[in-house]
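1. Predicted model follows, preceded by the sequence.
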Amino acid sequence: MSSRLNYPKIAPAPYEAMMGLGRYLENCGLDSKLMHMVRLRCSQINGCAYCVDMHSRDARLAGEPERRVHSVAVCEESPLFDEKEKAAFAWAESLTHLSETHAPDAVWERVRAHFNEKELADLTWLVASINAWNRLGVGLRSQPPAKWPKLPAE
């Protein structure tokens, strides 16, 4: 399968806007490991091979143990995640499956118990941005590089 088009080259302005959002999120104050794991979970749901590959690597490079990276797919059932992380994953999943869930109040109340208003806004922007990247990756068939630089344990 090959990429359908080079969207950053063809439409550089929206690409740069998305990159600007990413720069904001990297400095917004949310825990960087949690952000990598939320991005990974959304990318798994959306079936974006490029983003699953990238965010699993990013999580590992940020210090997430391999076991937790592998367990993010079953985060709700896993004892490896605390309640705050599980609430963030639940919010991310509800927004990723928005047409089915409609962001239920119960999930909102759950995540609101662990994050302040600024963090909730930033977490929601994080989920919105990775879902946009996933739609670009899947829709335009972005492929992960055949070889990334090696992780320390590789």
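-> Received the coordinates, thanks.
2. How many neighbouring residues does Ala11 have?
-> Ala11 sits with 11 neighbouring residues when counted by other C-beta atoms under 10 Å. In short, each C-beta sits where N, CA and C put it, glycine included.
3. Give me the contacts around the helix or strand containing Met35.
-> When secondary structure is defined by DSSP states H and E, Met35 falls within helix 32-46. Contacts to helix 32-46, defined as C-beta atoms under 8 Å, 6 or more residues apart in numbering, come from residues 25-26, 51-52, 55-56, 58-59, 62-64, 68-69, 72-73, 75, 85, 88-89, 92-93, 96-97, 123, 126-127, 130-131, 134-135, 137-138.
4. Can I have the buried ones of the residues you listed as a ChimeraX selection?
-> The following ChimeraX line selects those of the contacts of helix 32-46 that are buried, judged by 16 or more other C-beta atoms under 10 Å:
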select :25,51,52,55,56,58,59,64,68,69,72,75,85,88,89,92,93,96,123,126,127,130,131,134,137,138
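5. re the thing from before, same question for the helix holding Met35, mean pLDDT?
-> Mean pLDDT, computed over helix 32-46, is 98.
6. Which helix or strand lies directly C-terminal to that helix?
-> For helix 32-46, the following helix or strand on the C-terminal side (DSSP H and E) is helix 49-61.
7. quick one: which of the contacts of helix 32-46 sit in helices?
-> 25-26, 51-52, 55-56, 58-59, 68-69, 85, 88-89, 92-93, 96, 123, 126-127, 130-131, 134-135, 137-138 (DSSP state H).
8. Show me what stretch 89-101 is in contact with.
-> 37-38, 41-42, 45-46, 72, 75-76, 81, 103-104, 107-108, 110-111, 123-124, 126-128, 131.
9. Of those residues, grab the buried ones for ChimeraX.
-> Filtering the contacts of stretch 89-101 down to the buried ones (16+ other C-beta under 10 Å) takes a single ChimeraX command:
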select :37,38,41,42,45,46,72,75,81,107,110,111,123,124,126,127,131
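10. hang on, the earlier thing: just checking the distance from the helix holding Met35 to the centre of its chain.
-> 3 Å (C-alpha atoms, centre = their mean, to the nearest Å).
11. And the residue positioned nearest the centre of the chain, how far from Arg68?
-> In the chain, the residue lying closest to the centroid (C-alpha atoms, centre = their mean) is Arg39, at 0.9 Å. Using C-beta to C-beta, to the nearest Å, one obtains 14 Å as the distance from Arg39 to Arg68.
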